[in-house]
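Asker: I would like to see how this sequence folds:
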Amino acid sequence: MKIVIRNQIIDSINKKLPKLVERKIEVPDIPNKTFSIIGMRRTGKTYFLFQKLLDCLKQGIDRSRLVYLNFEDERLIDMTVGDMHWIVDEYYALYPKNRSYQVFFFLDEIQMIPQWERFVRRIMDSENANIFISGSSAKMLSREIATSMRGRSIETIVYPFSFNEFLSFHNIDLPQSFVQIDKNYRSLLENQCNRYLTIGGFPEVQKLSDHDRHMLLQSYVNTVIFRDIIERYGVTNIIVLKQLIKHLIRNFGAQFTVNKFFNYLKLNGIKVSKTTLHEYMSYIQDTFLIQNISIYSQSEKQKMVNPVKSYVIDMGLTDAFLMLRESNIGHHLENCIFIELCRRKTRVSYFRSKTGYEVDFIVTYSDKTMEAIQVSADISAKQTLERECRSLYEVKSMIKNIRLILITMSDENEIQYKDSTIYVVPAWKWLLNL
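Answerer: Sure thing, here's the model as predicted:
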């Protein structure tokens with residue numbers, strides 16, 4: 001194993017890095033912490049490690065101080081945590097002068113080594129090292145890292161491409177100023193936004209045909225089901241698990257309760273306990289495939305007794321399961337806005353007034369400012385516009401100093417509704433955070 005690791009280190013430092021689409025992901029600059037890169041499978045965690053390595057090179061850090069190891073390499077298949085000391089020993093045997101400098105270790109798929117955290121904690125305590133780790137959601141879930149690293153780790157979630165990253169991948173340059181853009185460029189951005197809502201943001205599917213894209217995205221979900229849930233938790237009721245995941249993906253953005261789904265299964269002759277369904281929901285959320293939000297309320301009891309709303313990690317997955325003939329651009333847009341809010345690290349709830357009006361998202365930002373966001377692809381019909389404005393106005397009557405936003409596919413305006421201002425923003429502009 002000693003020789004294998006030495007060769008791995010040599011290969012790593014001489015490795016030619018792949019061409020990257022720069023991800024707009026911030027990693028906190030906090031000393032004495034390990035940086036954990038987590039997220040659903042195939043979102044680009046490995047390439048993000050390469051991006052951080054390239055950032056180091058741009059800062060003038062010598063290539064010999066940047067070590068990348070992938071623990072899924074078949075040459076390391078028999079490696080144990082007891083062998084991991086060879087990584088440091090062999091590195092400094094090769095580059096003894098670098099003991100005077102900080103060395104950066106990029107450890108990919110580290111979860112392949114049981115008890116890896118013992119090695120990482122020791123390196124943090126004994127060496128002048130900066131450590132980035134990543135792993136699949138099967139074994140590198142946030143709560144496990146928090147437990148095993150005992151507060152020594154800072155997490156960064158990698159999502160599928162944002163709209164900005166999507167445009168970059170497809171070589172569409174953004175103008176230096178959006179104060180005045182011509183009609184042709186505005187039409188281009190609207191068109192690309194439509195494509196983004198269908199294709200989604202998984203890097204690997206961007207240039208595939210519809211058929212191949214659907215097949216690959218469905219395979220992602222199957223991998224999550226079998227490797228991240230069934231193998232991991234020993235799930236035996238596979239039929240129920242598949243039914244639950246399919247239901248959540250096909251009904252994204254809709255209200256969900258375990259009780260209603262339990263009754264649906266019962267009517268169809270499928271036996272399962274509510275406790276098991278709650279467990280399955282937790283497993284699914286741990287994989288990042290589905291995320292839930294609760295109703296906006298100051299009462300924890302109200303949050304618990306009301307339905308949650310479920311959203312999918314990427315719009316492409318919903319398109320792959322619904323197929324194009326069933327897709328609803330408005331629903332896709334709502335899901336897209338939610339995932340972007342997650343990228344922006346906001347707190348998100350949904351709103352329902354006592355009179356039955358609903359608003360898609362109540363958003364709280366890190367500076368404590370709040371926005372009510374309603375998503376409606378097309379507000380050309382008078383009754384649609386009235387309904388969306390009235391819903392937002394209901395929020396204003398309950399939450400003071402909240403900004404009211406109505407996101408559409410193309411409209412841009414400021415509407416005075418009673419004593420409130422509603423900002424109508426086109427989706428492409430909001431997604432680019434302009």
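Asker: switch to C-alpha atoms for all contacts and neighbour counts from now on
Answerer: Noted.
Asker: Tell me which residues touch Ile225, please.
Answerer: When contacts are counted by Cα atoms under 8 Å, 6 or more residues apart in numbering, Ile225 touches Leu241, Lys242.
Asker: Start and end of stretch 14-21, how far apart?
Answerer: Taking Cα to Cα, to the nearest Å, the span from the opening residue of stretch 14-21 to its closing residue is 21 Å.
Asker: any idea of the mean pLDDT in that stretch?
Answerer: Confidence over stretch 14-21, taken as the mean pLDDT, stands at 90.
Asker: Can you give the distance of that stretch from its chain's centre?
Answerer: When C-alpha coordinates are averaged (Cα atoms, centre = their mean, to the nearest Å), stretch 14-21 and its chain have centres 23 Å apart.
Asker: next one: stretch 35-51
Answerer: Put simply, stretch 35-51 sits 10 Å off its chain's centre (Cα atoms, centre = their mean).
Asker: List the buried residues in it.
Answerer: Residues 35-51 are the ones in stretch 35-51 that count as buried (16 or more other Cα atoms under 10 Å).
Asker: ditto for stretch 68-83
Answerer: Of the residues in stretch 68-83, those buried under the neighbour-count criterion (16+ other Cα under 10 Å) are Tyr68, Leu69, Asn70, Phe71, Leu76, Met79.
Asker: go on, stretch 358-377?
Answerer: For stretch 358-377, a neighbour-count test (16+ other Cα under 10 Å) marks 358-364, 370-377 as buried.
Asker: so which of those residues comes closest to Asn128?
Answerer: Using Cα to Cα, Thr364 is the member of these that lies nearest Asn128, at 38.3 Å.
Asker: In contact with that closest one, which residues?
Answerer: For Thr364, the contacting residues are Thr346, Arg347, Val348, Met370, Glu371, by Cα under 8 Å, 6+ apart.
Asker: nearest residue to it other than its sequence neighbours?
Answerer: Residue nearest to Thr364 in three dimensions, not counting chain neighbours: Met370, with 4.6 Å by Cα to Cα, 6 or more residues apart in numbering.
Asker: okay but the one you found is in contact with Ile362, surely?
Answerer: Yes: taking contact to mean Cα atoms under 8 Å, the distance of 7.2 Å between Met370 and Ile362 places them in contact.
Asker: Now for those two: what residues contact both?
Answerer: Common contacts of Met370 and Ile362, defined by Cα under 8 Å, 6+ apart, are absent altogether.
Asker: Any figure for the gap between Phe226 and Leu289?
Answerer: Between Phe226 and Leu289 the distance is 13 Å, computed by Cα to Cα.
Asker: Out of the two, name the residue with the larger neighbour count.
Answerer: For Phe226 versus Leu289, neighbours defined as other Cα atoms under 10 Å are more numerous around Leu289 (24 against 16).
Asker: Now do the residue nearest to that one when sequence neighbours are not counted against Asp286, distance only.
Answerer: Beyond its immediate neighbours in the sequence, the residue positioned closest to Leu289 (Cα to Cα, 6+ apart) is Ile313, lying 5.3 Å away. With distances taken as Cα to Cα, Ile313 is found 12 Å from Asp286.
Asker: Low-confidence bits of the protein, can you list those?
Answerer: Filtered on pLDDT under 70, the chain yields the residue ranges 136-147, 150, 177, 323-327.
Asker: At which residues are the strands of this protein located?
Answerer: With DSSP state E as the criterion, the chain has strands at 34-38, 66-70, 103-108, 129-134, 153-157, 255-256, 290-293, 308-312, 347-352, 358-364, 370-375, 402-408, 413-417, 420-426.
Asker: can these go into TSV with extra columns for distance to Thr275?
Answerer: Written out in TSV, the entries for the strands of the chain read as follows (distance: least, Cα to Cα, whole Å):
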stretch	distance to Thr275
strand 34-38	28
strand 66-70	38
strand 103-108	35
strand 129-134	32
strand 153-157	29
strand 255-256	16
strand 290-293	18
strand 308-312	17
strand 347-352	24
strand 358-364	28
strand 370-375	34
strand 402-408	38
strand 413-417	46
strand 420-426	42
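Asker: which one of those strands lies closest to Asp173?
Answerer: Relative to Asp173, the nearest member of the strands of the chain by Cα to Cα is strand 420-426, separated by 18.6 Å.
Asker: packing partners for the closest one?
Answerer: Taking 3 or more Cα pairs under 8 Å, 6 or more residues apart in numbering; DSSP states H and E as contact, the helices and strands that strand 420-426 lies on are helix 382-396, strand 402-408, strand 413-417.
Asker: change it to 7 Å
Answerer: With contacts defined as 3 or more Cα pairs under 7 Å, 6 or more residues apart in numbering; DSSP states H and E, strand 420-426 has these neighbours: strand 402-408, strand 413-417.
Asker: Tell me which of those strands is the most buried.
Answerer: Comparing the helices and strands packed on strand 420-426 by mean neighbour count (mean count of other Cα atoms under 10 Å), strand 402-408 ranks first with a mean of 22.
Asker: List the strands paired with it, with their directions.
Answerer: The partner list of strand 402-408 in its sheet, established with DSSP bridges, is strand 370-375 (parallel), strand 420-426 (parallel).
Asker: Please report how far Ala254 lies from Asn413.
Answerer: Ala254 sits 28 Å away from Asn413, going by Cα to Cα.
Asker: same thing with Ile10?
Answerer: 58 Å.
Asker: contacts for stretch 254-265?
Answerer: Lys271, Lys274, Leu277, His278, Pro307, Val308, Lys309, Ser310 (Cα atoms under 7 Å, 6 or more residues apart in numbering).
Asker: nearest to Gln218, of the residues you listed?
Answerer: When the contacts of stretch 254-265 are compared against Gln218 (criterion: Cα to Cα), the nearest one is Ser310, at 18.5 Å.
Asker: Identify the residues contacting the residue nearest to that closest one when sequence neighbours are not counted.
Answerer: Beyond its immediate neighbours in the sequence, the residue positioned closest to Ser310 (Cα to Cα, 6+ apart) is Asn292, lying 4.4 Å away. Asn292 makes contact with Val308, Lys309, Ser310, Tyr311, according to Cα under 7 Å, 6+ apart.
Asker: remind me, longest helix of this structure?
Answerer: Taking DSSP state H as the assignment, the helix of the chain that covers the most residues is helix 183-199.
Asker: Are there helices or strands packed against that helix, and which ones?
Answerer: Helices and strands touching helix 183-199, by 3+ Cα pairs under 7 Å, 6+ apart, are helix 315-322, helix 427-431.
Asker: Could you dump these into TSV and include mean neighbour count and distance to Ser391?
Answerer: Supplementary listing: the helices and strands packed on helix 183-199 in TSV, determined by neighbours: other Cα atoms under 10 Å; distance: least, Cα to Cα, whole Å:
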stretch	mean neighbour count	distance to Ser391
helix 315-322	24	25
helix 427-431	21	19
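Asker: now those helices as TSV including distance to Leu333?
Answerer: Compiled in TSV, the helices and strands packed on helix 183-199 are given as follows (distance: least, Cα to Cα, whole Å):
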stretch	distance to Leu333
helix 315-322	8
helix 427-431	8
